[in-house]
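Peer 1: No letters, just coordinates:
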């Protein structure tokens, strides 16, 4: 009896507590609230909460710092323009600490406790795979910035970086056509992204009737490449196709140069998809000068959008900073989300998802992007030529936007 | 796989491959010497060894910046100054760590593992706060980069030769210190019988402190040298720690000669297999080979006979 009564009083008092603010908000903004947020997200009349989920401690902090900076910059710029649907964006930042279970736990916290309307985050494929079930179970929206191996398409993720085929096909076609490349040596760190990418590369090379003379993988963190460099010298490939990552990257390029392979002579030529301007900071421009990289964004792209992006970025985070491919892709996240929310007229995840395909961004630093139905972006691929000062000269860009194709035939 | 190549090409490749093995050998010895002194002589499992190496690398980075800024004319020789500074700073930090942390744990060797692991995390975060999370690029004077062409095909990397010479110098100095100097005799006396050494008037605390500092100092020099071949970032030390322990344990913890023999066999096995197989497979087989030998000889390659 007593408990029942207690419950009743509690409910009544709760209703009373809710009634007043509810009445006020309804009076002030009669329709808007229910329409823009019918699923209980953290949206008030003048704010909306989003999450930023990256590693700022641990091994991956090296790579993810740039993404955090880009996302914060985009959010600040959007707020300065008046926010999204008249609401200022407030971000809650969580640290994934380079640990995949931590990523899953923090994403659950952001979705369940904080009820954020979108999350910008993750970097490695492993962290994305760890949070994926959480986003699908609690129906959140993740904007994922890194170029990656593909073979995935979730209704709860928008992939703002390139998937493997976009990056690989254009690069190989270019060296074949312009550098008369016939023999390729594929090299990578030993995990899913380099292995899948090299599989796609090998298939494409063999389809063109050309040769793969070697394919090698080294454990993550490997620091001694002299043996494989000797093997490369023996096989005499035209192109070293390198997908080495992390600290190994630095060791590989330093040792390649020390072994007398002068990349500026292009015999063999080095083509990579894993070295952005960020990585060159650690490698040293003089050690990688002459190599080519295939990706969608370089800091040196010349257009109005990029000029204002680079200067805003430097103004916000310091003059010495460099901007790599993933940093730019991370910057697109909040803008793509804003466009989708405004098209849907609502923060509801389902409505944002339905509105996303076809969203285009003409203000993107890389030029122009559009969301494909498979949640990846249509984007151009560019070839950069590394200079001693750590920047790339852009020597080629695809005429058309490359269609994202996360499930190329024969890889499922 | 060799049918398409001429005899002279093959000779050249095998010569270079032999040289690659020797470079790997020098790198392993340089990494492991400091740890061998600390682990072997004092029984302390120093998980922060990699972080001491990276401290040496960061000091090299700072020195190169200072030289480039204020003394560009002397830049060609900055590396030697950097190595001496790296040794000095890591030596002092090592002694401070021994004084503040390690000396309370001598009777609990397994706890040193946890304590030094904690220390490694603290140091990593400290580097991240001071130098930033990104890796830094250490610029080298031109003469240290590139290669020296012995014949038309055989080219030897200059930084490889540098590491080999440095390893030789340091190994000889350590040998002299441990086996020819009065201080080395004290260290060995303490290792063999601490109470007795103390009874004959050896200041065992001081010996411990300097031994630990020396181990860390050599790690600092190694880190400084590795800026030529590897990366310098807050967590780069982690790249070396597993190989380092592998070399020391395989060699027999208490024998410096064992460390060298172990580095030699691991490096030759690995670089030969890397050439004929792929990189990951070579690593797996090397580890299997080490595990196999350790099952037969748990004390490692060289065990010192001590009366307990």
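Peer 2: Alright, I've got the coordinates. What you see is a predicted model; the values in this text were computed from it and never measured.
Peer 1: Any idea how many residues pack against the one residue in chain A that gets nearest to chain B?
Peer 2: Nearest residue of chain A to chain B (CB to the nearest CB) works out as residue A:282 at 2.9 Å. To be clear about C-beta, it is placed using only N, CA and C from the backbone, and glycine gets the same treatment. Residues lying near residue A:282 (other CB atoms under 10 Å in any protein chain shown) number 23.
Peer 1: which residues does the closest residue to it other than its chain neighbours contact?
Peer 2: For residue A:282, ignoring the flanking residues on the chain, the nearest one in space by CB to CB, 6 or more residues apart in numbering or on different chains is residue B:135 at 2.9 Å. The contact partners of residue B:135, by CB atoms under 8 Å, 6 or more residues apart in numbering or on different chains, come to A:62, A:247, A:250, A:281-282, B:231-233, B:236.
Peer 1: re the thing from before, which residues are in contact with the residue of chain A closest to chain B?
Peer 2: Counted by CB under 8 Å, 6+ apart, residue A:282 has contacts A:62, A:247, A:249-250, B:134-137, B:231-233.
Peer 1: Nearest to residue B:285 among those?
Peer 2: residue A:247 (23.0 Å; CB to CB).
Peer 1: Does the spatially closest residue to residue A:286 that is not a sequence neighbour belong to a helix, a strand or coil?
Peer 2: Using CB to CB, 6+ apart and skipping the chain neighbours, the partner closest in space to residue A:286 is residue A:388 (5.1 Å). Classification of residue A:388 by DSSP: H, G, I helix; E, B strand; the rest coil places it in coil.
Peer 1: Tell me which residue of chain B lies closest to chain A.
Peer 2: Using CB to the nearest CB, the closest approach of chain B to chain A is made by residue B:135 at 2.9 Å.
Peer 1: Can you give me the pLDDT of that residue?
Peer 2: Here the pLDDT value assigned to residue B:135 is 79.
Peer 1: ok, now residue A:304?
Peer 2: Note for residue A:304: predicted pLDDT of 94.
Peer 1: I'd like to know how far it sits from residue A:353.
Peer 2: From residue A:304 across to residue A:353, the span is 31 Å (CB to CB, to the nearest Å).
Peer 1: Which one's more surrounded, those two?
Peer 2: residue A:353 (17 against 10).
Peer 1: Residue B:170: which element?
Peer 2: Using DSSP states H and E, residue B:170 maps to helix B:158-179.
Peer 1: Now do that helix, average pLDDT.
Peer 2: Rounded mean pLDDT across helix B:158-179 is 90.
Peer 1: contacting residues around it?
Peer 2: Defining contact as CB under 8 Å, 6+ apart, one finds that helix B:158-179 is touched by A:226, A:254, A:258, B:19-20, B:22-23, B:26-27, B:29-30, B:33, B:37, B:83, B:140, B:143-148, B:183-184, B:187-188, B:214, B:218, B:221, B:225, B:228-229, B:256, B:260.
Peer 1: and these, which of them are in helices?
Peer 2: Among the contacts of helix B:158-179, the ones falling in helices (DSSP state H) are A:226, A:254, A:258, B:19-20, B:22-23, B:26-27, B:29-30, B:33, B:83, B:183-184, B:187-188, B:214, B:218, B:221, B:225, B:256, B:260.
Peer 1: Could I have the buried ones of the residues you listed as PyMOL selection syntax?
Peer 2: In PyMOL syntax, the buried subset of the ones in helices among the contacts of helix B:158-179 is picked out as below (16 or more other CB atoms under 10 Å in any protein chain shown):
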select buried, (chain A and resi 226+254+258) or (chain B and resi 19+20+22+23+26+27+29+30+33+83+184+187+214+218+221+225+256+260)
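Peer 1: What are the buried residues along stretch B:247-259?
Peer 2: B:247-256, B:258-259.
Peer 1: Could you tell me the end-to-end distance of it?
Peer 2: 6 Å (CA to CA, to the nearest Å).
Peer 1: My guess is residue B:87 contacts residue B:220. True?
Peer 2: Yes: counting by CB atoms under 8 Å, residue B:87 touches residue B:220, with 5.3 Å between them.
Peer 1: Close to chain B: what parts of the stretch 1-150 of chain A are there?
Peer 2: Those residues of the stretch 1-150 of chain A that sit near chain B, judged by CB under 8 Å from any CB of the partner chain, are A:56-59, A:61-62, A:65.
Peer 1: Spit out the contact partners of residue A:316.
Peer 2: Counted by CB under 8 Å, 6+ apart, residue A:316 has contacts A:69, A:72-73, A:76.
Peer 1: Quick check: it vs residue A:70, distance?
Peer 2: 10 Å.
Peer 1: With residue A:162 instead?
Peer 2: 16 Å.
Peer 1: check contacts around residue A:305.
Peer 2: Taking CB under 8 Å, 6+ apart as the test, what residue A:305 contacts is A:363-367.
Peer 1: Tell me if it really is in a strand.
Peer 2: No: the assignment for residue A:305, made by three-state DSSP, is helix rather than a strand.
Peer 1: Let me see the contact set for the residue nearest the centre of chain B.
Peer 2: Nearest to the geometric centre of chain B sits residue B:31, at 1.2 Å (CA atoms, centre = their mean). By CB under 8 Å, 6+ apart, the contact list for residue B:31 reads B:53, B:219, B:222, B:240, B:243-244, B:247.
Peer 1: Name the nearest residue to it, ignoring sequence neighbours.
Peer 2: residue B:244 (4.7 Å).
Peer 1: residues near that neighbour, how many?
Peer 2: Residue B:244, neighbours per other CB under 10 Å, totals 27.
Peer 1: Can you name the residues that contact it?
Peer 2: Applying CB under 8 Å, 6+ apart, the residues contacting residue B:244 are B:28, B:31-32, B:35, B:49-50.
Peer 1: if we take these, which one ends up nearest to residue A:196?
Peer 2: residue B:50 (30.6 Å).
Peer 1: Report the mean per-residue pLDDT for the helix or strand hosting the closest one.
Peer 2: According to DSSP H and E, residue B:50 maps onto helix B:49-70. In this model, helix B:49-70 has a mean pLDDT of 92.
Peer 1: Measure how far that helix is from the centre of its chain, please.
Peer 2: Its chain's C-alpha centre and that of helix B:49-70 lie 16 Å apart, by CA atoms, centre = their mean, to the nearest Å.
Peer 1: same check, this time on stretch B:36-47
Peer 2: 13 Å.
Peer 1: Report how many residues lie close to residue A:178.
Peer 2: Residue A:178: 11 surrounding residues under other CB under 10 Å.
Peer 1: which ones are touching it?
Peer 2: residue A:396.
Peer 1: How confident was the prediction at the spatially most central residue of chain A?
Peer 2: Closest to where the C-alpha atoms of chain A average out (CA atoms, centre = their mean) is residue A:145, at 1.4 Å. For residue A:145, the pLDDT comes out at 96.
Peer 1: For it, give me its contacts.
Peer 2: So residue A:145 contacts A:67, A:70, A:120, A:122-123, A:160-161, A:326-327, A:329-330, A:332-333 (CB under 8 Å, 6+ apart).
Peer 1: switch to 7 Å and redo it
Peer 2: Neighbouring residues of residue A:145 by CB atoms under 7 Å, 6 or more residues apart in numbering or on different chains: A:67, A:160-161, A:326, A:329-330, A:333.
Peer 1: helix or strand for the residue of chain A closest to chain B, which one?
Peer 2: Residue A:282 belongs to helix A:277-283, assigned by DSSP H and E.
Peer 1: Can you get me a residue count around the nearest residue to residue A:407 once chain neighbours are set aside?
Peer 2: The shortest distance from residue A:407 to any non-neighbouring residue, by CB to CB, 6+ apart, is to residue A:151 (6.4 Å). Using other CB under 10 Å, residue A:151 has 15 other residues around it.
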